[in-house]
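J.: Next one to model:
(one chain, ligands or ions: 1)
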Amino acid sequence: MNVYDSDQKISRNFTLGEFYSTSPDAPESHYLDGKLIDAWQYLRDNYGVTHITSTLRTPQHNSSVGGVKNSQHLIGKAVDAVVKDHDRLIYDLTGGQELSDHLIYKYGIRGIGVYDNFVHLDTRNVKVEHVTRWDNRVEKIGITGTLTSFGTDEDGVLNAWGFRYYVLVALGLIIYLTRK
Ligand SMILES: [Zn+2]
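T.: I've put the predicted structure just below:
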(Lines give C-alpha, C1' and ligand atoms only; values in the text may rest on other atoms or scores of the structure.)
Protein backbone atom coordinates (compact mmCIF):
# COMPACT_ATOMS: atom_id res chain seq x y z
CA MET A 1 0.00 0.00 0.00
CA ASN A 2 1.23 3.48 -0.81
CA VAL A 3 -0.01 6.61 0.93
CA TYR A 4 -0.19 8.49 -2.37
CA ASP A 5 -2.87 6.13 -3.70
CA SER A 6 -5.17 6.69 -0.76
CA ASP A 7 -8.27 7.54 -2.85
CA GLN A 8 -7.92 4.37 -4.88
CA LYS A 9 -10.82 1.93 -4.46
CA ILE A 10 -9.63 -1.41 -3.13
CA SER A 11 -13.01 -3.09 -2.67
CA ARG A 12 -16.68 -2.30 -3.31
CA ASN A 13 -16.85 0.20 -0.46
CA PHE A 14 -13.34 0.83 0.81
CA THR A 15 -10.57 3.08 -0.40
CA LEU A 16 -6.92 2.31 0.14
CA GLY A 17 -6.66 5.29 2.49
CA GLU A 18 -9.08 3.70 4.93
CA PHE A 19 -6.73 0.75 5.37
CA TYR A 20 -3.57 2.81 5.43
CA SER A 21 -1.60 2.94 8.67
CA THR A 22 -2.64 5.75 11.02
CA SER A 23 0.64 5.62 12.94
CA PRO A 24 2.14 9.10 13.24
CA ASP A 25 5.42 7.69 11.95
CA ALA A 26 3.84 5.47 9.27
CA PRO A 27 6.08 4.62 6.30
CA GLU A 28 5.13 5.85 2.82
CA SER A 29 4.20 2.36 1.80
CA HIS A 30 3.49 -0.77 3.76
CA TYR A 31 2.19 -4.32 3.52
CA LEU A 32 -1.36 -5.23 4.52
CA ASP A 33 -2.83 -8.71 4.04
CA GLY A 34 -5.53 -8.41 1.36
CA LYS A 35 -7.55 -11.16 3.05
CA LEU A 36 -8.41 -8.62 5.75
CA ILE A 37 -9.86 -6.21 3.20
CA ASP A 38 -12.06 -8.96 1.75
CA ALA A 39 -13.19 -10.07 5.21
CA TRP A 40 -14.10 -6.53 6.26
CA GLN A 41 -15.93 -5.96 2.97
CA TYR A 42 -17.97 -9.07 3.74
CA LEU A 43 -18.79 -7.75 7.21
CA ARG A 44 -19.58 -4.34 5.77
CA ASP A 45 -22.03 -5.96 3.34
CA ASN A 46 -23.82 -7.58 6.27
CA TYR A 47 -23.46 -5.15 9.18
CA GLY A 48 -23.41 -1.71 7.60
CA VAL A 49 -21.06 1.22 7.30
CA THR A 50 -17.67 0.29 8.66
CA HIS A 51 -15.08 2.53 10.21
CA ILE A 52 -11.57 1.07 10.13
CA THR A 53 -9.88 1.99 13.40
CA SER A 54 -6.48 0.26 13.29
CA THR A 55 -4.39 -1.38 10.58
CA LEU A 56 -0.59 -1.52 10.42
CA ARG A 57 1.00 -0.02 13.52
CA THR A 58 4.61 1.00 13.81
CA PRO A 59 6.42 -0.37 16.90
CA GLN A 60 6.38 3.08 18.52
CA HIS A 61 2.65 3.57 17.89
CA ASN A 62 1.90 0.02 19.02
CA SER A 63 3.54 0.52 22.40
CA SER A 64 1.88 3.92 22.85
CA VAL A 65 -1.57 2.33 22.44
CA GLY A 66 -0.67 -0.57 24.72
CA GLY A 67 -0.57 -3.19 21.96
CA VAL A 68 1.01 -6.53 22.72
CA LYS A 69 4.69 -6.94 21.75
CA ASN A 70 4.08 -9.47 19.00
CA SER A 71 0.90 -7.84 17.74
CA GLN A 72 -0.22 -8.86 14.26
CA HIS A 73 -0.79 -5.14 13.66
CA LEU A 74 3.01 -4.73 13.51
CA ILE A 75 3.27 -6.92 10.42
CA GLY A 76 0.15 -5.77 8.52
CA LYS A 77 -1.81 -8.89 9.41
CA ALA A 78 -4.52 -7.34 11.61
CA VAL A 79 -7.30 -4.81 11.11
CA ASP A 80 -9.68 -3.47 13.76
CA ALA A 81 -12.96 -1.83 12.81
CA VAL A 82 -16.40 -0.92 14.03
CA VAL A 83 -19.52 -1.63 11.97
CA LYS A 84 -22.83 0.26 12.13
CA ASP A 85 -24.62 -2.75 13.61
CA HIS A 86 -21.90 -3.52 16.15
CA ASP A 87 -24.24 -5.22 18.64
CA ARG A 88 -25.52 -7.68 16.05
CA LEU A 89 -22.00 -8.43 14.85
CA ILE A 90 -20.89 -9.15 18.42
CA TYR A 91 -23.96 -11.29 18.95
CA ASP A 92 -23.21 -13.32 15.82
CA LEU A 93 -19.52 -13.70 16.70
CA THR A 94 -20.13 -14.80 20.29
CA GLY A 95 -23.49 -16.56 20.13
CA GLY A 96 -22.69 -19.19 17.50
CA GLN A 97 -20.09 -20.57 15.15
CA GLU A 98 -21.56 -19.78 11.74
CA LEU A 99 -20.12 -16.31 11.16
CA SER A 100 -16.75 -17.13 12.71
CA ASP A 101 -16.47 -20.28 10.62
CA HIS A 102 -17.24 -18.26 7.50
CA LEU A 103 -14.49 -15.77 8.34
CA ILE A 104 -12.07 -18.57 9.16
CA TYR A 105 -12.71 -20.92 6.25
CA LYS A 106 -13.73 -18.51 3.48
CA TYR A 107 -11.54 -15.52 4.30
CA GLY A 108 -8.55 -17.07 6.05
CA ILE A 109 -9.05 -15.23 9.33
CA ARG A 110 -7.04 -16.80 12.17
CA GLY A 111 -7.60 -14.40 15.07
CA ILE A 112 -10.94 -12.90 16.15
CA GLY A 113 -11.20 -10.56 19.11
CA VAL A 114 -14.35 -8.78 20.26
CA TYR A 115 -14.25 -5.58 22.28
CA ASP A 116 -16.86 -3.14 23.59
CA ASN A 117 -16.48 -0.80 20.63
CA PHE A 118 -14.64 -2.66 17.87
CA VAL A 119 -13.73 -6.05 16.45
CA HIS A 120 -10.18 -7.27 15.72
CA LEU A 121 -9.48 -9.66 12.84
CA ASP A 122 -6.07 -11.05 12.00
CA THR A 123 -4.45 -13.51 9.63
CA ARG A 124 -1.70 -14.79 11.94
CA ASN A 125 0.39 -17.57 10.52
CA VAL A 126 -1.20 -20.58 12.23
CA LYS A 127 -3.10 -23.62 11.05
CA VAL A 128 -6.88 -23.46 11.04
CA GLU A 129 -7.12 -25.59 14.19
CA HIS A 130 -5.14 -22.98 16.08
CA VAL A 131 -7.44 -20.03 15.46
CA THR A 132 -7.37 -17.70 18.47
CA ARG A 133 -10.53 -16.02 19.68
CA TRP A 134 -11.04 -13.77 22.65
CA ASP A 135 -13.68 -11.63 24.28
CA ASN A 136 -12.35 -8.47 25.85
CA ARG A 137 -15.65 -6.74 26.44
CA VAL A 138 -15.68 -5.25 29.88
CA GLU A 139 -19.24 -5.92 30.95
CA LYS A 140 -19.74 -9.29 29.28
CA ILE A 141 -16.48 -10.85 30.29
CA GLY A 142 -16.66 -14.43 31.38
CA ILE A 143 -20.20 -15.23 30.28
CA THR A 144 -19.81 -16.03 26.62
CA GLY A 145 -19.61 -19.74 26.15
CA THR A 146 -18.34 -20.13 22.62
CA LEU A 147 -15.04 -18.28 22.83
CA THR A 148 -11.98 -20.34 23.49
CA SER A 149 -10.35 -17.83 25.77
CA PHE A 150 -11.40 -14.84 27.76
CA GLY A 151 -9.52 -12.12 29.50
CA THR A 152 -6.65 -12.74 27.13
CA ASP A 153 -5.37 -10.54 24.35
CA GLU A 154 -4.15 -11.10 20.81
CA ASP A 155 -1.30 -13.37 21.82
CA GLY A 156 -3.09 -15.20 24.61
CA VAL A 157 -1.43 -13.13 27.34
CA LEU A 158 -3.70 -12.24 30.22
CA ASN A 159 -4.81 -8.64 29.80
CA ALA A 160 -5.66 -6.14 32.51
CA TRP A 161 -9.34 -7.03 32.67
CA GLY A 162 -8.76 -10.74 32.74
CA PHE A 163 -6.11 -10.23 35.38
CA ARG A 164 -8.49 -8.17 37.54
CA TYR A 165 -11.07 -10.91 37.22
CA TYR A 166 -8.67 -13.59 38.39
CA VAL A 167 -7.40 -11.37 41.22
CA LEU A 168 -11.00 -10.83 42.37
CA VAL A 169 -11.71 -14.54 42.28
CA ALA A 170 -8.51 -15.23 44.22
CA LEU A 171 -9.34 -12.55 46.80
CA GLY A 172 -12.85 -13.92 47.18
CA LEU A 173 -11.43 -17.38 47.76
CA ILE A 174 -8.94 -16.11 50.34
CA ILE A 175 -11.68 -14.22 52.20
CA TYR A 176 -13.93 -17.26 52.06
CA LEU A 177 -11.24 -19.59 53.32
CA THR A 178 -10.00 -17.31 56.12
CA ARG A 179 -13.51 -16.74 57.46
CA LYS A 180 -13.95 -20.40 58.30
ZN1 LIG B 1 -6.41 -5.35 16.72
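
J.: Get me the contact residues on this structure for the ion.
T.: By C-beta under 5 Å from the ion, the part of the chain that sits against the ion consists of 78, 80, 120. The way it works is simple: take the backbone N, C-alpha and C, and place the C-beta from them, glycine included.

J.: R110: which of the residues you listed is nearest?
T.: The closest of the residues of the chain next to the ion to R110 turns out to be A78 (C-beta to C-beta; 10.0 Å).

J.: Enumerate every residue touching the closest residue to the ion within the chain.
T.: Closest to the ion within the chain is H120: 3.4 Å, counting by C-beta to the ion. For H120, the contact set (C-beta atoms under 8 Å, 6 or more residues apart in numbering) comprises 54, 78-80, 111-114, 154.

J.: Also D85?
T.: Taking C-beta under 8 Å, 6+ apart, one finds 47-48 in contact with D85.

J.: Can you list phi and psi of D38 for me?
T.: Here is the backbone geometry of D38 (degrees, to the nearest 10): phi -60, psi -40.

J.: Also V79?
T.: Backbone torsions of V79, given as degrees, to the nearest 10, read phi -140, psi 130.

J.: pretty sure it is touching E18, no?
T.: No: in this structure, V79 is not within contact of E18 by C-beta atoms under 8 Å, at 9.7 Å.

J.: Quickly list what's touching both of these two.
T.: Counting by C-beta under 8 Å, 6+ apart, the shared contacts of V79 and E18 are I52.

J.: And these two? Which one has more around it.
T.: More crowded of V79 and E18, by other C-beta atoms under 10 Å: V79, with 26 against 19.

J.: Leaving out the residues flanking it, which one is nearest to L32?
T.: Sequence neighbours aside, G76 is the residue nearest to L32 in space, at 4.4 Å (criterion: C-beta to C-beta, 6 or more residues apart in numbering).

J.: Please name every helix or strand in contact with whichever strand or helix holds L93.
T.: Using DSSP states H and E, L93 falls within helix 86-95. When contacts are defined as 3 or more C-beta pairs under 8 Å, 6 or more residues apart in numbering; DSSP states H and E, helix 86-95 packs onto helix 34-47, helix 98-107, strand 111-114, strand 119-122.

J.: deepest of those, which one?
T.: Across those, averaging neighbours per residue (mean count of other C-beta atoms under 10 Å) puts strand 119-122 on top, at a mean of 24.

J.: quick revisit: wait, the residue nearest to L32 touches K35, no?
T.: No: using C-beta under 8 Å, G76 is not in contact with K35; the gap is 11.0 Å.

J.: Before I go, just wanted to say thanks for your time.
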